[in-house]
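Visitor: Sequence first, predicted coordinates after that:
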Amino acid sequence: MLVFEPVIHAQTVALFLSFDGELNTTPLIEGLWQAGKEVYLPVLHPFSPGNLLFLRYTPTSRLVTNRLKILEPELDVRDVLPLNKLDVLITPLVAFDAKGQRLGMGGGFYDRTLQHWQQHGLYPVGLAHDCQQVDELPVEQWDIPLPAVVTPSRLWQW
Ligand SMILES: Nc1nc2c(c(=O)[nH]1)N(C=O)[C@@H](CNc1ccc(C(=O)N[C@@H](CCC(=O)O)C(=O)O)cc1)CN2
Ligand SMILES: Nc1ncnc2c1ncn2[C@@H]1O[C@H](COP(=O)(O)OP(=O)(O)OP(=O)(O)O)[C@@H](O)[C@H]1O
């Protein structure tokens, strides 16, 4: 991921703190910090259900457990980055298919975030284990396909 072209050119990168068998993102976060990138994490929106905010994450950030039992940075409006300032958005996923369709945890959070991603100048990329690839996923009308997925063994692009 650190040698993936959009990441090399990025100043701001959002990713996620792994839980429940997701590929461990800790080494990647430290690599991004070392490369001088600003790292952002998703925070459940305090009053807009189903939406995410992206907050700056540094080695001294205070983390709290949200209602979905995931660690997230403590809400401080000064740490929020608007989506149009985000260069790369690394998304978690449960499974992805041969066309770049993404299955998530079912909250619709990333489908909402990724609406109109092209207009935001944002580049989304999924991060997953190799075994999370499947032939074909059922597609719902709101599902947004990913232009790229990175796994430990390879890069997929569509
Ligand atoms: N590491 C990580 N962070 C992430 C996500 C993710 O997939 N991975 N998300 C990706 O969107 C968002 C959170 N999405 C989630 C969606 C559903 C559940 C979940 O456990 N749902 C339970 C019901 C929980 C409840 O309502 O009490 C369930 O479906 O059984 C957790 C996270 C934002 N942060
Ligand atoms: N752009 C959207 N606007 C409004 N509702 C949406 C949008 N995208 C998804 N939803 C709603 O969110 C719900 C969950 O969607 P879905 O099962 O595709 O989530 P997911 O992609 O698996 O989850 P996540 O993105 O959080 O990992 C659906 O019931 C859908 O109605």
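Guide: Yes, it's here. Ligands and ions are numbered 1, 2, ... in the order given.
Visitor: Tell me, how many residues neighbour Met105?
Guide: Burial of Met105, expressed as a neighbour count using other Cβ atoms under 10 Å, amounts to 15. For glycine as for every other residue, the C-beta is placed from the backbone atoms N, C-alpha and C.
Visitor: Please read the previous query as pertaining to Gln34.
Guide: By the measure other Cβ under 10 Å, the count of residues near Gln34 is 9.
Visitor: Near ligand 1, which residues of the chain? Just list them.
Guide: Applying the criterion Cβ under 6 Å from any ligand atom, the portion of the chain that neighbours ligand 1 consists of 16-19, 22, 42, 52, 68, 70, 92, 104-107, 109-110.
Visitor: quick one: contacts for the residue sitting furthest away from the middle of the chain?
Guide: Summary for the chain: using Cα atoms, centre = their mean, the residue whose C-alpha lies farthest from the chain's mean C-alpha position is Asp135, with a distance of 22.2 Å. Applying Cβ atoms under 8 Å, 6 or more residues apart in numbering, we find Asp135 in contact with 97-98.
Visitor: Please report how far it lies from ligand 2.
Guide: As for Asp135, its distance to ligand 2 is 18 Å (criterion: Cβ to the nearest ligand atom, to the nearest Å).
Visitor: got it, and Gln118?
Guide: Distance, Gln118 to ligand 2, using Cβ to the nearest ligand atom: 15 Å.
Visitor: Going forward, the N-terminal residue is numbered 545.
Guide: That works, and once the first residue is 545, the last one we named lands at Gln662.
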